Structure formats: C-alpha cells, structure tokens
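Undergrad: Pasting the sequence and the predicted coordinates here, then a few questions.
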Amino acid sequence: MDKKAVVIAGAGSTHTPGIIQSLLQKKNELPLRKLALYDIDEKRMHLVYDIMKQFIEQEAPDIEVVVTTDPEKAFTDVDFVFAQIRQGGLQMRRQDERIPLKYGCVGQETCGAGGSISYGIRSIPGVFDLVRYAKKYSPDAWILNYSNPAAVVAEATRREFNNDHILNICDMPTAILLSYSKMLGLPSWRDIDPMYFGLNHFGWFTKIYDKQGRDRLPELRQMILEHGMAVSDKHHKDKDWMHTWGQYVKIVKDYPEYLPNSYLQYYLYSKDMADDMDPNWTRADNVINGREKEMFAEHDKYLADPANYKSPVQSFTVFGDFIVDAAASIAYNKCERYLVIVENNGAIPNLPDDAMVEVPAYLRSWGPEPISQPAIPTFYKGLIEEQNASEKLAVDAYYEHSYQKALEAIAINKTVPSTTVARQILDDLIEANGNYWPTLS
Ligand code: G6P
Ligand code: MN
C-alpha cells in the first residue's frame, strides 16, 4: 500500500488527540508518510502537539511531521484533509446556545437558530478557505469535512465547489451504530448494514441488517423501549449525553416506526427541551469545563516535565476511528459502507434532487456511491423539507448578505415559534457574530 499524507485542519481541537491516536493505531489500514497539523490558533495547536508529540515519535518515528499556521506548508503534498474547524471557538458556541434560549427557543451547537443559522453562516467562509487551500496546493486531495453544522456546510460546499473531492461526514450515525451493535451482541458496528434517510443530525434508521441479511430493527426497538439505549463510546457518555439517550427512548415511544438520530429531540420536543435548558449555563460551558479543561490539565503535566512526559493513550473519541477508516476506504478503494452527506439526486426519490441528504454510501476512490432508499412517508418528508428549507435559506443569507433570508431561515425552523421571536434572535445573533458574518442588509 502506498503511504498517505494527512493534514488535520483545526488541529487545536479537543478531538485532535483522539484523531492522532486513531491515525497512528490504524497505520496498517492507512499507512502514513506525513502528518501535518494546521490551525489559525498557533498556541492551541502547539498545545495539542505537545501532548501528542511523544506518542507520534514512539508510534511513527519515520513520518514527516509538520506543525504550521502557514496554509502553503500545511496543504502542500497531502492526500487527505481532515477538516474539523470551529469558527469562533467554544466562546461563540456559547453565544449560539445562549441567544435563542434568551427567547425561549432551543439553544444548541448545530440545531435551530444558533446551530444551523448562526454557526452555519459563521462556518462557511472558514471551510471555504480550507477547501481553497487544498485545491490550490494539493488538487487531488480528498477533503473529509466534519466541521459543523455539517448540513449547512455541505450545502455551501455543494454550491461553491460542487463537492468535488469533498466528503461531508458526521460521527453521530456511527456512534449510534456502535451502540446498536453492542446491544445486539455483534463484535463491530461494521456487522450492521443500515438503511437510513434524512439530513445531517436529522435522520432515521429504517433497517438494521446483520451480515445474515436479517433486519434487527424490531429487536432493537424492543430492547430500547424495555431497557433504554446502551451507549458505548466515550464521547457520548457524559451526563448531558445520558440525558439525550433518555430522550431517545421517548422519541422511539412516540414514533416507533423507525429508529431516530438523537438530534431529533431538539425538533420533536423543542419547547420541552428549551424549557429544560439553562440560558446561563449551556453545553458549551460543560465542554469548556470538561473536555477542554482536561486537555489544558494534560498540557500542564507536559509543561511540568517535558522530557519525561508520556502522551495519554486511552481512547479519546469515536471521531478518529471512523474518519481514518473512511479515508482508508477512499484511499484504497475498499468500498466500505458509511453514512455520509451527499447531494440527493434521487437517492431519496420524493425529496428534492439538490437537497444535501444523509444516506448510506459505499466509499470508492472516486467518491461516495449512495445507496438509494425507498420513498419516505409524509411525516418525515414534511419535517425534512422544512429543515432543509431552513438550511438552504441560511446559505442564501450568506451568499446574498440578506437579512430577509436569514430571518426566513430562522422563522421556518421548527425550534422557533414565531417571526417576532425570529427577528429578536436574529438581531442578537448579528451583534454577537460581528465580523464572523457578512453584513446583512
Ligand atoms: C456529536 C455530533 C457532532 C457534535 C458533537 C457535540 O458527535 O455528531 O457533530 O459536534 O456531538 O458533542 P459535544 O460533546 O461537543 O457537545
Ligand atoms: Mn455531527
């Protein structure tokens, strides 16, 4: 197997140590010749590198390591870009979550006014920069983008680049499949071939086939209703996520036909969720005081004794594992099946061709080959079309610098009850986003 070069863009992320760990532990699946770390926040990137340096040197002494804020150095001669940026960092995530909550609406990283619209419009130019660097310095590279909000970002990269050599992908379906496989007593999430339709963070599993071709969904549904979700990966196990898995059972009770993506809780119970959330302490605060603090504490250990410091090598998150496997499937044309975000083009026959949908696909060296799904029932179609309109309007607002489109994007979102509220939220978001957003008029 020829060796590959990977650049992690947004290397200052709390998820980067886990991704580096996966990359080096999976060196048989995706052998590396070079690992580049790139971020606009030099200090944060070096903090991550300090933590992982010993592990990199131990596991992969032969690879070339580049740590840089210079796009040319980072993006030249690479085969894959793992793009996972967070424009405005966790501080802006906090704003996205708090502002809608001030008006009684769901405040969430990727959902609703703060997620799809605020973070969406903010993320687009940052992701475009990365794609342009990749296309300029390594035109054949594949960009695996899991920068959020992935649904909005995918729509924007569709319009700007026709998603040429760009694969938009999210870890949530894989994390859920991991849980399902454990619950069914199967050794790996790969022992399941799911059928699935929807948008990113807005979809449903319709079949859960095992390798014998039996649909295990009815059995799983029963298990979930009787015993709840048994969550497997480290990332999705903390207190907030456990609350989500509790809600998950509620969705299955109310809508037992299919098995949902956990993010549907924010839309199907938006008022209950908002009522339950604290506008002065959101998920961002917990991430800042949890995952991020742990990373800083780890760095303090490094600073105390750099020469003898050992990188921590417990498994960090599921993010890394599946993204490395997905890259390997593209690199070596392995034709493995993943849930990915692609332009519909008939994959879900009764949704618009130009919707960016999340469906299963085989990953080939020339890109994803989506697996078509049966037409979807009215309830799901209505929900998806409304959400998709919100996401498309957010991208319109970005391109057209249009206040009106941004207002419509928020007003049509299921998490927002009225135009009066939509306008109040939008005006606050404009102020909070400052130069991250184009000037809307
Ligand atoms: C899941 C989603 C990601 C999202 C993350 C948030 O993994 O698929 O898109 O960013 O959850 O998790 P956090 O722990 O940061 O709230
Ligand atoms: Mn996601």
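TA: Cool, got the structure. What you see is a predicted model, and the numbers here were worked out from it, not measured in a lab. Ligands and ions are numbered 1, 2, ... in the order given.
Undergrad: Local confidence estimate at the residue in the stretch 51-200 of the chain that ligand 1 sits nearest to?
TA: Among the residues of the stretch 51-200 of the chain, residue 172 lies nearest to ligand 1; the distance is 3.5 Å by Cβ to the nearest ligand atom. C-beta: built from backbone N, CA, C; applies to glycine. You'll see residue 172 listed with a pLDDT of 95.
Undergrad: Who are the contact partners of it?
TA: Shown in contact with residue 172 (Cβ atoms under 8 Å, 6 or more residues apart in numbering): 201, 261-263.
Undergrad: Out of those residues, which two are the most distant from each other?
TA: 201 and 262 (8.5 Å; Cβ to Cβ).
Undergrad: Which of those two has more residues huddled nearby?
TA: Using other Cβ atoms under 10 Å, the more surrounded residue of residue 201 and residue 262 is residue 201, with 26 against 21.
Undergrad: what separates the closest residue to ligand 2 within the stretch 151-300 of the chain from residue 401, distance-wise?
TA: Each residue of the stretch 151-300 of the chain has a distance to ligand 2, by Cβ to the ion, and the smallest belongs to residue 170, at 3.4 Å. For residue 170, the distance to residue 401 equals 28 Å [Cβ to Cβ, to the nearest Å].
Undergrad: okay, these two: which has more neighbours?
TA: Looking at residue 170 and residue 401 with other Cβ under 10 Å, you find the greater number of neighbours at residue 170, namely 26 against 15.
Undergrad: list the contacts for that one?
TA: The neighbours of residue 170, taking Cβ under 8 Å, 6+ apart as the test, are 146, 150, 200-201, 339, 341, 358.
Undergrad: State the phi and psi torsions of it.
TA: In terms of degrees, to the nearest 10, the main-chain angles of residue 170 are phi -130, psi 150.
Undergrad: ok, now residue 360?
TA: Backbone torsions of residue 360, given as degrees, to the nearest 10, read phi -70, psi 150.
Undergrad: Residue 423 versus the residue nearest to it when sequence neighbours are not counted, what's the distance?
TA: Spatially, and ignoring its direct neighbours in sequence, residue 360 is nearest to residue 371 (4.6 Å; Cβ to Cβ, 6 or more residues apart in numbering). From residue 371 across to residue 423, the span is 41 Å (Cβ to Cβ).
Undergrad: quick one: the residue lying closest to residue 85 once chain neighbours are set aside from residue 148, how far?
TA: Distances taken as Cβ to Cβ, 6+ apart put residue 10 closest to residue 85, at 3.7 Å, once the chain neighbours are dropped. Counting by Cβ to Cβ, the gap between residue 10 and residue 148 amounts to 11 Å.
Undergrad: Check residue 12 too.
TA: Taking Cβ to Cβ as the measure, residue 12 and residue 148 are separated by 16 Å.
Undergrad: Same question for residue 166.
TA: Plainly put, residue 166 is 15 Å away from residue 148 if you go by Cβ to Cβ.
Undergrad: Low-confidence bits of the stretch 301-441 of the chain, can you list those?
TA: Counting by pLDDT under 70, the ranges of the stretch 301-441 of the chain that qualify are 315-318.
Undergrad: residue ranges of the strands in it, please?
TA: 336-343, 356-364, 367-370 (DSSP state E, counting those that start in this stretch).
Undergrad: Tell me which residues of stretch 130-145 come out buried.
TA: Residues of stretch 130-145 classed as buried: 130-131, 133-135, 137-138, 141-145 (neighbour count, 16 or more other Cβ atoms under 10 Å).
Undergrad: can you check stretch 58-65 too?
TA: Going by 16+ other Cβ under 10 Å, stretch 58-65 has these buried residues: 59-60, 63.
Undergrad: starting at the chain centroid, how far to that stretch?
TA: Its chain's C-alpha centre and that of stretch 58-65 lie 28 Å apart, by Cα atoms, centre = their mean, to the nearest Å.
Undergrad: Straight-line length of that stretch, end to end?
TA: Counting by Cα to Cα, to the nearest Å, you get 13 Å between the two ends of stretch 58-65.
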